[in-house]
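A.B. asks: Next comes the sequence, and after it the predicted model I'd like to discuss.
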Amino acid sequence: MLSVIIPVLDEAENLPQLVRELDRAGESNGYELQIIIIDDGSKDGTWKTIADLAANDPRILGIRFRRNFGKAAALSAGFHAAEGERIVTIDGDLQDDPAEIATLLAKLDEGYDVVSGWKRERHDPPGKVLPSRVFNWLVSKLMGVHLHDHNCGLKAFRREVMHEIRLYGELHRFVPVLAAAKGFRIGEVVVKHRPRKHGRSKYGYSRLSKGLLDLLTVKFIVGYGQRPQHLLGTVGLGAFLLGGLGMFYLAVRWVLSRVLQGWEVVELHKTAALYYSLGLFIIGAQFMSIGLLGEMIAAYWIRDTDTYSIAEHTPPSSAGVSVPTVKSSEAS
């Protein structure tokens, strides 16, 4: 079975055609489809459209949120409901072509765990294209996962990937990065992108600042999520030592200026270096304290979370030695 997850917000006019195109793609490639449509707080009659489609097609499952919770939450709900061994996500605006699903799955069959679409020729306004290009360049450089289009809505996954990734906030943009951090193989294929016919885009320049903040969050989570003191403590220790050395130097000068004749008397309260040293000293102590708190929180929560990702087991021993059961993380 192939599960197709469609998060939507005010896409009532696009859904019937999208379902028809998914049906054609399934028939032409022999897919047993499960179509999951998540209404993320729409106000244009999208839920009625989903309900009507589901009433006429048992393969369609509709999920309606009480309000708008964001795309990450919608995808998370879809992943929870997915029953297929392979999962595809696609936006509900008809700009992604369902016929490209076969291309993604063919790449997945080459041994990849996540395959992302790359909209090389985009039919979007500059207010959406330019922020996207800046964002993709930054993510590739900072995270080391080199994709042309991290935020493409058209992606294919093996089911086990979603067992090990937690999505919240706006982290849906970083699924390939989070998967790569677990050791999964990431691939990319060029896909067709179509102009929007109905509705309007929900993205623009305003999303760039949020994306940059989320990028910093993911960088910290991936690099230091289980050892926050390695980053915060290093910065804090450096500042603490510099501040301490500065204060020691000033203290020595103050004493010598009053003991030795011929030295200019040092008035510490008139010395800018004193305030710089005090600032570094205090900031360093705070960073180390925050790092220790982060370590305590990580140590508490890590007890119920696997810190590794297992690809496979060898068969059980014929000598009767039992193989420990591996507990997979909850899908999110």
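C.D. replies: Happy to help now that I have it. Numbering: from 1, shown residues only.
A.B. asks: Next, residue 167: phi, psi?
C.D. replies: phi -110, psi 130 (degrees, to the nearest 10).
A.B. asks: what sits against it?
C.D. replies: Contact analysis of residue 167 by C-beta atoms under 8 Å, 6 or more residues apart in numbering lists 72-73, 75-76, 79, 175, 332. C-beta: built from backbone N, CA, C; applies to glycine.
A.B. asks: What residues of the helix or strand encompassing residue 236 count as buried?
C.D. replies: For residue 236, the element it lies in under DSSP states H and E is helix 228-259. For helix 228-259, the neighbour count (16 or more other C-beta atoms under 10 Å) marks 228-229, 231-233, 235-237, 239-240, 242-243, 246-247, 250, 253-254 as buried.
A.B. asks: How about stretch 184-194?
C.D. replies: In stretch 184-194, the ones that count as buried by 16+ other C-beta under 10 Å are 184, 186-189, 191-193.
A.B. asks: who touches it?
C.D. replies: With contacts defined as C-beta under 8 Å, 6+ apart, stretch 184-194 is touched by 94-97, 99-100, 103-104, 107-108, 110-124, 145, 147-149, 152, 154, 158, 161, 176, 179-180, 309.
A.B. asks: Show the end-to-end separation of it, please.
C.D. replies: End-to-end span of stretch 184-194 (C-alpha to C-alpha, to the nearest Å): 30 Å.
A.B. asks: now the helices: where do they sit in the stretch 101-250 of the chain?
C.D. replies: For the stretch 101-250 of the chain, applying DSSP state H, counting those that start in this stretch gives helices covering 101-108, 126-143, 159-162, 175-181, 206-224, 228-259.
A.B. asks: what angle do the last one and helix 206-224 make?
C.D. replies: In this structure, helix 228-259 runs at an angle of 90 degrees to helix 206-224, with axes from the mean of the first three to the mean of the last three C-alpha atoms, to 10 degrees as the basis.
A.B. asks: Could you chop this structure up by domain?
C.D. replies: Domain segmentation of the chain under automatic domain parsing yields 2-224, 228-304.
A.B. asks: next one: the first one to chain centre, how far?
C.D. replies: The reference is to domain 2-224. Centroid displacement of domain 2-224 relative to its chain, using C-alpha atoms, centre = their mean, to the nearest Å, is 12 Å.
A.B. asks: May I have stretch 269-288 as CSV, with CA atoms only?
C.D. replies: Written as CSV, here are the backbone C-alpha positions of stretch 269-288 (Å, rounded to 0.1, in the frame of the first residue of the first chain):
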residue,chain,number,x,y,z
HIS,A,269,35.6,52.5,38.2
LYS,A,270,36.9,54.7,35.4
THR,A,271,38.4,51.8,33.4
ALA,A,272,36.2,50.4,30.6
ALA,A,273,38.1,47.1,30.8
LEU,A,274,36.6,46.5,34.2
TYR,A,275,33.0,46.5,32.8
TYR,A,276,34.0,44.4,29.8
SER,A,277,35.6,41.8,32.1
LEU,A,278,32.7,41.8,34.5
GLY,A,279,30.3,41.4,31.5
LEU,A,280,32.3,38.4,30.1
PHE,A,281,32.5,36.9,33.6
ILE,A,282,28.8,37.1,34.2
ILE,A,283,27.8,36.0,30.7
GLY,A,284,30.2,33.0,30.8
ALA,A,285,28.7,31.9,34.1
GLN,A,286,25.2,32.2,32.7
PHE,A,287,26.0,30.2,29.6
MET,A,288,27.6,27.4,31.7
